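Undergrad: A structural model of the following input is requested.
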Amino acid sequence: MIRSLYFWVLVFVMGGVTLGVVAPEKALFGKGVGDAFVNGIKILVGPLIFTTVSLGISKVQTGRNAARIGLKAFLYFELVSTLALAIGLLVGNLFAPGSGFPLSSVATDVLPVPGSGAGTGSILNPFQGGVNLVQVLVLSVFSGVLMLNVPSQLKRKVEGILGKVQETLFKVLGLYMWLAPLGAGAAMASTVGRFGVTSLAPLLALMLCFYATCFLFVVVVLGFILKRVGIPVFSFLAFIKEEILLVLGTSSSESALGPLMRKLERLGCDPRVVGLVVPTGYSFNLDGTNIYLTLAILFIAQAFRVPLGLGEQIGILLFAMLSSKGASGVTGAGFITLTATMSVVPEVPVAGLGLILGVDRFMSEARAITNMIGNGVGALAIARWEGGLDSTRLREVLVAGGKNG
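TA: Here you go, the predicted model:
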């Protein structure tokens with residue numbers, strides 16, 4: 001247990017809460033530590049999104065069947081992902097978990113700076129930790145499309161270089177996340193020290209809203225899709241319970257990628273569909289992360305009393321449709337994507353990320369589990385759409401409790 005990152009996050013967060021209650025003035029030092037952790041995350045944002053989106057587009061398979069499956073998968077991903085983003089906005093507006101945050105006196109260092117946010121500047125700004133990522137997203141899409149039209153030998157070389165850079169960045173992120181307990185504990189100490197113990201109630205409300213929304217999304221939205229496929233949602237969840245527990249233990253949906261693909265094939269899914277849809281979905285179909293993005297941004301805006309109109313919320317949704325494609329099943333990537341997405345609303349202080357840093361780790365499991373389930377459902381839906389789902393095999397395996405190999 002003591003080797004678990006989750007354990008140490010919990011210990012440091014509890015310590016931060018205690019320090020904030022016992023010695024609130026001393027606890028304020030945590031803001032600097034928490035901000036330093038967030039700034040470190042921001043440095044990784046641009047390069048990670050660039051490599052992930054570029055590679056995701058460039059690796060679109062050619063061939064008539066693959067192209068048809070890929071197009072159907074893309075349409076499905078965009079529809080369901082957009083729905084998840086919209087549901088996050090709906091829940092955030094309906095329950096407003098951040099509205100009760102006790103900001104009786106907001107310090108100037110957490111207020112938005114006039115003129116900050118999406119500026120012109122250099123195209124390298126996003127790679128240097130700048131807040132404007134529109135440029136890097138456009139560059140990523142352009143780069144990926146360009147690689148689709150270059151000679152295969154050159155394409156393989158460029159993909160190899162980008163792949164190594166991406167792998168290195170994720171290793172750096174994995175190591176950096178071991179500082180998460182310190183960052184989370186410091187941020188929690190600063191929050192409680194500055195705003196009092198009553199600030200914990202809105203944070204708990206955010207967590208409850210998020211977990212409840214993820215559960216309802218799986219049962220209602222994904223359950224409706226599964227019903228069209230011919231599978232009761234709870235039967236499917238029982239069938240992949242080992243994978244759910246694996247993701248719960250690792251807080252990474254990527255840990256279940258291989259086992260999930262094998263189980264989908266055992267259910268009667270065409271291996272060609274599984275092999276194309278599931279890995280692609282891990283970059284382009286992240287339902288849990290999408291719910292988290294819009295809900296968390298609204299929470300921060302509500303906490304700092306920054307009203308977001310319909311136009312601004314639509315802007316968040318549209319931008320998140322792109323920025324979320326840079327997310328991954330790696331622990332901490334959801335917070336990176338949140339940092340990126342906030343650039344579209346410069347009115348909301350980026351320093352507000354420190355408010356939820358202390359509880360972000362406790363929402364990561366729900367993000368990862370929802371992402372994994374969503375990709376499994378997506379593969380089944382595309383297989384059914386393609387006529388590549390063996391209904392007889394499906395019933396036999398489910399009736400046998402998944403024991404038919």
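Undergrad: ranges for the helices of the stretch 301-405 of the chain?
TA: Applying DSSP state H, counting those that start in this stretch to the stretch 301-405 of the chain gives helices spanning 310-323, 333-341, 353-386, 391-399.
Undergrad: how about TSV for those, with distance to Tyr176, mean neighbour count and mean pLDDT added?
TA: All C-beta atoms are positioned from the backbone trio N, CA, C, and that covers glycine. Putting those into TSV (distance: least, CB to CB, whole Å; neighbours: other CB atoms under 10 Å; pLDDT from 0 to 100) gives the following:
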stretch	distance to Tyr176	mean neighbour count	mean pLDDT
helix 310-323	20	18	86
helix 333-341	10	26	77
helix 353-386	13	25	89
helix 391-399	41	15	86
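Undergrad: out of those, which is closest to Phe142?
TA: helix 310-323 (12.5 Å; CB to CB).
Undergrad: only the C-alpha atoms, please, for that closest one, written as PDB.
TA: C-alpha atoms of helix 310-323 as PDB (Å, rounded to 0.1, in the frame of the first residue of the first chain):
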ATOM      1  CA  LEU A 310     -24.000  30.400 -23.600                       C
ATOM      2  CA  GLY A 311     -21.500  31.500 -26.200                       C
ATOM      3  CA  GLU A 312     -18.500  31.000 -23.900                       C
ATOM      4  CA  GLN A 313     -19.700  27.600 -22.800                       C
ATOM      5  CA  ILE A 314     -20.200  26.500 -26.500                       C
ATOM      6  CA  GLY A 315     -16.600  27.800 -27.100                       C
ATOM      7  CA  ILE A 316     -15.400  25.500 -24.200                       C
ATOM      8  CA  LEU A 317     -17.300  22.600 -25.700                       C
ATOM      9  CA  LEU A 318     -15.900  23.100 -29.200                       C
ATOM     10  CA  PHE A 319     -12.300  23.600 -28.000                       C
ATOM     11  CA  ALA A 320     -12.600  20.600 -25.700                       C
ATOM     12  CA  MET A 321     -13.600  18.500 -28.600                       C
ATOM     13  CA  LEU A 322     -10.000  19.000 -29.900                       C
ATOM     14  CA  SER A 323      -8.000  19.400 -26.700                       C
END
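Undergrad: residues in contact with that helix?
TA: By CB atoms under 8 Å, 6 or more residues apart in numbering, the residues outside helix 310-323 that reach it are 49, 53, 78, 81-82, 85-86, 89, 93, 133-134, 137, 141, 290, 293-294, 297-298, 308, 337, 340-341, 343-345, 347.
Undergrad: so Lys155 sits right up against Ser143, yeah?
TA: No - assessed by CB atoms under 8 Å, Lys155 is found out of contact with Ser143, at 11.5 Å.
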